[in-house]
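Trainee: with the input below, show me the fold.
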Amino acid sequence: MRFLSLIRIDETTARPPSEQLLADMGRLMEQMTREGVLIETAGLQPSAQGARLRLRGGRIAATDGPFAESKEVIGGYALLEAADLDEALAHTRRFLAVHGEGWDIECEVRPLMADGACG
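Mentor: Take a look at the predicted model:
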C-alpha cells in the first residue's frame, strides 16, 4: 500500500539544513530505497516561488506566493510503500528522528486511494 507523507514547515522560522543533516538524510534515503520503502521524495521551493489556485462557487482564483495567511506550508513529501498506516508512521518517524533537536516540523501521513482514484 502506498502512503504520502507531507512534510509541513513554518517558512517564517525554518532554517536551511546543515551539511551533516544533508549527509544523514542522504544515507537514510538510500537505505529506505534499498529496503523498498521509499519510492520518491522531494523538497519544495519556498512558497514565494509558487501560486495557489482555488475553485469556489464555480470561479477559479489565483494567489501568488508567499502565502501570508498560512504560517505552515508543505515543504516536501515522501511517497512510501508500507503494509499499513502503522508501518508508514514508523518510517516517517525515522525521517523525523534524523533531524534531531532544534527542528519544528510535522508530517501528515495518508494512504493513497487505490488505482489512482480521486476524491
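Trainee: ok, the nearest residue to Gly65 once chain neighbours are set aside - how many residues close by?
Mentor: Excluding the flanking residues, the one nearest Gly65 by C-beta to C-beta, 6 or more residues apart in numbering is Ser47, at 3.9 Å. The C-beta positions use only the backbone N, C-alpha and C, and glycine is treated the same way. Residues near Ser47, counting by other C-beta atoms under 10 Å, number 19.
Trainee: do a quick rundown of the strands in this structure.
Mentor: 2-10, 38-43, 51-56, 59-64, 72-81, 106-111 (DSSP state E).
Trainee: would you reformat these as TSV and include distance to Gln20 and mean neighbour count?
Mentor: Below are those laid out as TSV (distance: least, C-beta to C-beta, whole Å; neighbours: other C-beta atoms under 10 Å):
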stretch	distance to Gln20	mean neighbour count
strand 2-10	19	18
strand 38-43	17	14
strand 51-56	34	9
strand 59-64	35	10
strand 72-81	18	18
strand 106-111	21	14
